[in-house]
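*Asks:* Predicted coordinates and the sequence they were generated for:
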Amino acid sequence: MEDIRYKEYTKEESRIYDSAMEKLNKSIAQGLNFNDAVSRLDIADEELKRFITDDFLKIFIAQLHYEKGLPLKDVASAMSIPYERVMEAHKAMLQDVQITSIAEYHKGLSKGQA
């Protein structure tokens, strides 16, 4: 499994994150594609911007693929991004779920809930 890094946000970063997510959602709702929506974000910290856009992409994939049943190739088309990028994000999303599930399982074991 790849080395996955999780971001711990400060209060200011959380505010920036929430604002950026809202802006991305509005931009997509207005008909912009993913890259155009991302280009509208004014975030000086490039690492934070990458974390935000990666999270948004995962959320959008979950909405279109898992909630609406759209095939991943159609998700890529709808977002006007390469299929490979969607597949990479999808893989990372599944790894996130796996890591979180294992961590929660171990928390349950330590509390005697397994």
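*Replies:* Everything's here; your move.

*Asks:* where exactly do the helices run in this protein?
*Replies:* 11-29, 34-39, 46-61, 72-79, 83-110 (DSSP state H).

*Asks:* So which residue is smack in the middle of this structure?
*Replies:* A centroid search over the chain (C-alpha atoms, centre = their mean) returns residue 55, at 2.0 Å, as the residue closest to the centre.

*Asks:* tell me the contacts of that residue?
*Replies:* Applying C-beta atoms under 8 Å, 6 or more residues apart in numbering, we find residue 55 in contact with 17, 21. Glycine gets a C-beta too; all of them are placed from N, C-alpha and C.

*Asks:* Now render the helices of the chain as a markdown table, adding mean pLDDT.
*Replies:* Output for those, formatted as a markdown table (pLDDT from 0 to 100):
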| stretch | mean pLDDT |
| --- | --- |
| helix 11-29 | 95 |
| helix 34-39 | 95 |
| helix 46-61 | 93 |
| helix 72-79 | 95 |
| helix 83-110 | 87 |
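
*Asks:* separation between the residue nearest to the centre of the chain and residue 96?
*Replies:* Here residue 55 is placed at a distance of 10 Å from residue 96 (C-beta to C-beta, to the nearest Å).

*Asks:* ok, now residue 19?
*Replies:* Applying C-beta to C-beta to residue 19 and residue 96 gives a distance of 22 Å.

*Asks:* Name the nearest residue to residue 37, ignoring sequence neighbours.
*Replies:* Excluding its sequence neighbours, the residue lying closest to residue 37 (C-beta to C-beta, 6 or more residues apart in numbering) is residue 27, at 3.6 Å.
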